[in-house]
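K.L.:
Just need the structure, nothing else, for what follows:
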Amino acid sequence: MSSTRHLPHAPTDSRDLAATAGVDAHWHDENQVAYASQGVLAVHTEASRWIVPAHRAIWVPAGTVHSHRAYGETRLHLLGLPAGRNPLGLVEPTVLAVSPLLRELLIAYTASDESQDVRARRRMLGVLLDQLAAARERPVRIPAARDARLAAVTAILEADPSDSRGLEALGHEVGASGRTLTRLFRQDVGMTFPQWRTQLRLYQALRLLAEGRSVTAVGRCCGFATTSAFIDVFRRSLGHTPGAYVRSGSASPGVSG
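P.N.:
Modelled structure (predicted):
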């Protein structure tokens, strides 16, 4: 990221972001939790991109240069914590599952006025941190490729997630064999090619659902052979169907599934 701002304090507040609005690259001296109770939040670092729907939050460690972008009208909740307060012991950005109780705590704590009863806020924060410490890691993450040949392949697929070609065919375009690309995926991004492609398609699917596209259209645009295949992968990866995700208010209404 070429231009970054140093904002020492990680704020604790709630704010609304318009569709496609963003927060430019910056970093804090404190840890931060970002959660969108409505819409979809994308968080970018130099190493990876994460997508954070309403059943997920992202932990951003102190010192991490990151930027935000909203997909769909997004209600963003930010929780700042001192650098020494790390209930999960995480040293890298991590997407976490948000339980119903953690969701309500994040909404209530980030919306409350700091002038309110200090002891009540301290008790609420204690329960919130207990819930955060118990949260499971559930990422939709796209690691950035460093090798030029692999980066060329990922750029092709990001431009068209419905491209169903295998690595041998893609390799013809970038001057690498399928075997070499298979090795590079494991070494460079820590995933197999099928794992990376599934993450990319889910990332794009969440963005499109937030923009109000139907489940059927999103599945087709993201390269799933059938709507039922899309629903199955979405459910296994995120714990609910895309239709349930839309109906929960996380995205604009589309065709249920």
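
K.L.:
what packs against the helix or strand bottoming out on mean pLDDT in the chain?
P.N.:
Ranking every helix and strand in the chain by mean pLDDT, DSSP states H and E puts helix 242-245 at the bottom, with a mean of 88. Other helices and strands packing on helix 242-245, by 3 or more CB pairs under 8 Å, 6 or more residues apart in numbering; DSSP states H and E, are helix 193-210, helix 215-221, helix 227-238. C-beta here means a position set from N, CA and C on the backbone, and glycine is covered the same way.

K.L.:
Buried residues of the longest one, list them for me.
P.N.:
Judged by neighbour count using 16 or more other CB atoms under 10 Å, the buried positions of helix 193-210 are 193, 196-210.

K.L.:
Nearest to Ser14, out of those: which one, please.
P.N.:
Ala210 (18.4 Å; CB to CB).

K.L.:
Go ahead and confirm that closest one touches Val40.
P.N.:
Yes - Ala210 lies in contact with Val40 (CB atoms under 8 Å); the separation is 4.1 Å.

K.L.:
Okay, now the unreliable bits of the chain?
P.N.:
1-2, 113-115, 249-257 (pLDDT under 70).

K.L.:
what's the spacing between the residue positioned nearest the centre of it and Val140?
P.N.:
Note on the chain: the residue nearest the mean C-alpha position is Ile51, at 1.9 Å, using CA atoms, centre = their mean. Distance of Ile51 to Val140, computed by CB to CB, to the nearest Å: 5 Å.

K.L.:
Now do the shared contacts for those two.
P.N.:
Taking CB atoms under 8 Å, 6 or more residues apart in numbering as the criterion, Ile51 and Val140 both touch Leu202, Tyr203, Leu206.

K.L.:
which stretches of this structure form strands?
P.N.:
5-6, 13-17, 22-27, 31-44, 48-52, 56-60, 66-81, 94-97, 141-143 (DSSP state E).

K.L.:
Show me what the third one packs onto, helices and strands only.
P.N.:
In this case it means strand 22-27. Looks like strand 22-27 contacts strand 5-6, strand 66-81 (3+ CB pairs under 8 Å, 6+ apart).

K.L.:
The last one versus strand 31-44: what angle between them?
P.N.:
When you say that, I think you mean strand 66-81. 160 degrees (axes from the mean of the first three to the mean of the last three CA atoms, to 10 degrees).

K.L.:
How far does the least confident helix or strand of the chain sit from its chain's centre?
P.N.:
A distance of 17 Å separates the centroid of the chain from that of helix 242-245, by CA atoms, centre = their mean, to the nearest Å.

K.L.:
Could you do stretch 189-206 as well?
P.N.:
12 Å.

K.L.:
With stretch 218-230 instead?
P.N.:
Distance, centroid of stretch 218-230 to centroid of chain: 20 Å (CA atoms, centre = their mean).

K.L.:
Also stretch 25-35?
P.N.:
Counting by CA atoms, centre = their mean, stretch 25-35 comes out at 15 Å from the chain centroid.

K.L.:
re the thing from before, export the shared contacts of Ile51 and Val140 to JSON lines and tack on distance to Ala134?
P.N.:
Formatted as JSON lines, the shared contacts of Ile51 and Val140 follow (distance: CB to CB, whole Å):
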{"residue": "Leu202", "distance to Ala134": "24"}
{"residue": "Tyr203", "distance to Ala134": "26"}
{"residue": "Leu206", "distance to Ala134": "24"}
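
K.L.:
This completes my enquiry, with thanks.
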